[in-house]
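> Predicted model, plus sequence, below.
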Amino acid sequence: MGIKCSNQSKKIKSINNGQQNQIKQQNSQEQNISECECLIWDEINSRFFPKVIQMSLNNKNETQYILDGQILRINDKNEFSPSLLQMANLEQIKYLKWVKKIGFNPQNLKKTIAMWNGEILFETGGFYSVIELKQGLWKQLIPNYWTKAKVYEIGEYQNNLKKGMWIYLYENKKIGGGSYDELGQKNGKWRDLSDIYWEYCVDQLLNNKFRVSNL
């Protein structure tokens, strides 16, 4: 009887250890899951609506973007990592990549370029330091860039702060912009874009009907 009880005790301990390991794994997975809100375009009503996206680390320590249980994206380790925190809408999560360009320059700066749905976006990107601070001239996508708002912003960075004059560019036409001070804050008169800018607004913008801010 004693032997049987001993065997049962070992089985119970084994089960308990297994359960504890499962709990630890679940807790670890939960700790690695975060959520962010992104915009999804409603074609019928011609507007954006917010949706919660989950981000988690897989067993290769790669970030996954998950919507309603479906994996939308797994980050490539060759991507420029700060961009991964700035996905504003569903299209960016699906299509946008900032790829590190291999090379060398005398100031030990690295180059990154933007890709959209597998294609390089012409003359986009810029240089960044070893600690991933943007430096020098950059051509980057506006925060809510998508297929109906292919707008770029162009200007200079110094240690990740925008400096001097920056412009918005749409189909090689300047549609807005302004200047930044030494602290990277907008300064003086600006012609800004709406946060939910899309191609329907282009005619108004090109006719100089901007939202003008005196900062």
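Structure's in. What do you need?

> just for the chain, where's the confidence low?
Where the chain drops to pLDDT under 70, the residues are 1-32, 77-78, 80-86, 102-106, 195-215.

> mind listing the helices for it?
2-31, 90-95, 202-206 (DSSP state H).

> Run through the residues that contact residue 36.
Contacts here follow C-beta atoms under 8 Å, 6 or more residues apart in numbering; on that basis residue 36 touches 52, 53, 55, 87. C-beta: built from backbone N, CA, C; applies to glycine.

> hmm, which two among these are most spread apart?
When C-beta to C-beta is used, the two most widely separated members of the contacts of residue 36 are 52 and 87, lying 12.8 Å apart.

> more crowded one of the two?
residue 87 (21 against 10; other C-beta atoms under 10 Å).

> Could you report the neighbour count for the residue lying closest to the more buried one once chain neighbours are set aside?
Spatial nearest neighbour of residue 87, excluding adjacent residues (C-beta to C-beta, 6 or more residues apart in numbering): residue 93 at 4.9 Å. By the criterion of other C-beta under 10 Å, residue 93 has 19 neighbours.

> For residue 93, list the residues it contacts.
For residue 93, the contact set (C-beta under 8 Å, 6+ apart) comprises 38, 53, 65, 72, 73, 87.

> Show me which of those residues is closest to residue 163.
For the contacts of residue 93, the nearest to residue 163 is residue 87 (25.3 Å; C-beta to C-beta).

> so who does residue 109 touch?
Residue 109 makes contacts with 127, 128, 129, 135, 136, as judged by C-beta under 8 Å, 6+ apart.

> now do 6 Å
127, 135 (C-beta atoms under 6 Å, 6 or more residues apart in numbering).

> do the same with residue 138
Residue 138 sits next to 126, 157 when contact means C-beta under 6 Å, 6+ apart.

> before we move on, what about residue 54?
Residue 54 makes contact with 33, 35, 66, according to C-beta under 6 Å, 6+ apart.

> Quick check: the gap between the residue nearest to it when sequence neighbours are not counted and residue 42.
Leaving aside its chain neighbours, residue 54 sits nearest to residue 66 (4.3 Å; criterion: C-beta to C-beta, 6+ apart). Distance, residue 66 to residue 42, by C-beta to C-beta, to the nearest Å: 21 Å.

> okay, the two: which has more neighbours?
Taking other C-beta under 10 Å, residue 66 and residue 42 do not tie; residue 66 has more neighbours (15 against 10).

> Tell me how far the more buried one lies from residue 73.
Distance, residue 66 to residue 73, by C-beta to C-beta: 9 Å.

> Mind listing the residues bridging to the nearest residue to residue 181 once chain neighbours are set aside?
Here the nearest residue to residue 181 in space, its sequence neighbours aside, is residue 187; by C-beta to C-beta, 6+ apart that works out to 4.2 Å. Counting by DSSP bridges, residue 187 forms beta bridges with residue 179.

> residues near residue 187, how many?
14.

> Repeat that for residue 100.
Using other C-beta under 10 Å, residue 100 has 17 neighbouring residues.
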